[in-house]
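Colleague: have a look at this prediction, sequence included:
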Amino acid sequence: MPNKTDTIAILIVFLTSFVIPISMVAYHFVVEKQNPTVYEVRIQEDGGWPDAAGPNTIEAKPGDTLKFISLDVTHSFRVNITLTNGDFLIIDQVIYPGHVTEVHIPDNSQPGQYLIRCNVWCSHAHYVMTGILRIIPR
């Protein structure tokens with residue numbers, strides 16, 4: 001019968017060989033699924049909406065959480081999304097300078113392209129603060 005020290009040694013070997021590596025791999029997949037990119041937003045003359053998937057285009061999948069931070073003034077992320085049941089959802093989230101703002105794309109979002117607008121007056125170039133949210137299928 002193993003003594004207490006042998007049992008602890010076996011437990012430590014088991015934890016370091018199996019449990020810790022498996023949990024690290026699982027954590028990586030969970031974090032990657034959450035779309036950790038933080039999109040930087042600036043007044044249009046200096047950049048406007050991020051160019052993640054083309055000029056002023058952001059790609060996301062249903063269920064994703066997008067993260068934004070304003071580098072200059074207060075902006076907003078406004079988009080009208082069609083849901084799979086035919087209803088419409090208006091997302092209008094204020095993006096404050098220096099603070100990360102999360103925008104959740106509903107699980108039942110219909111894939112397609114949707115117009116993004118800044119809904120908070122941000123400068124004389126406010127009217128060109130537009131972009132595209134491209135929702136792609138899972």
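Modeller: Arrived safely, thanks for sending. Numbers count the residues shown, from 1 in each chain.
Colleague: give me the number of residues near Tyr127?
Modeller: 11 (other CB atoms under 10 Å). Yep, even glycine has a C-beta here, placed from its N, CA and C like the rest.
Colleague: ok, it - contacts?
Modeller: Contact partners of Tyr127, counting by CB atoms under 8 Å, 6 or more residues apart in numbering, are absent.
Colleague: pLDDT value on it, please?
Modeller: Per-residue pLDDT puts Tyr127 at 77.
Colleague: one more: Leu83?
Modeller: Leu83 carries a pLDDT score of 94 in this model.
Colleague: can you report how many residues neighbour it?
Modeller: As a burial measure, Leu83 scores 14 neighbours (other CB under 10 Å).
Colleague: cool, and Val100?
Modeller: Val100 - counted by other CB under 10 Å - has 12 other residues nearby.
Colleague: so which helix or strand of this structure has the lowest pLDDT on average?
Modeller: Least confident element among the helices and strands of the chain, by mean pLDDT, DSSP states H and E: helix 20-33 (a mean of 52).
Colleague: quick check: what element follows it along the chain?
Modeller: Remark: after helix 20-33, the chain's next helix or strand is strand 38-41, criterion DSSP states H and E.
Colleague: ok now the helix or strand that comes right after that next one, how far from the chain's centre?
Modeller: Sequence order places strand 57-60 as the next helix or strand after strand 38-41, per DSSP H and E. Centroid separation for strand 57-60 versus its chain: 10 Å, with CA atoms, centre = their mean, to the nearest Å.
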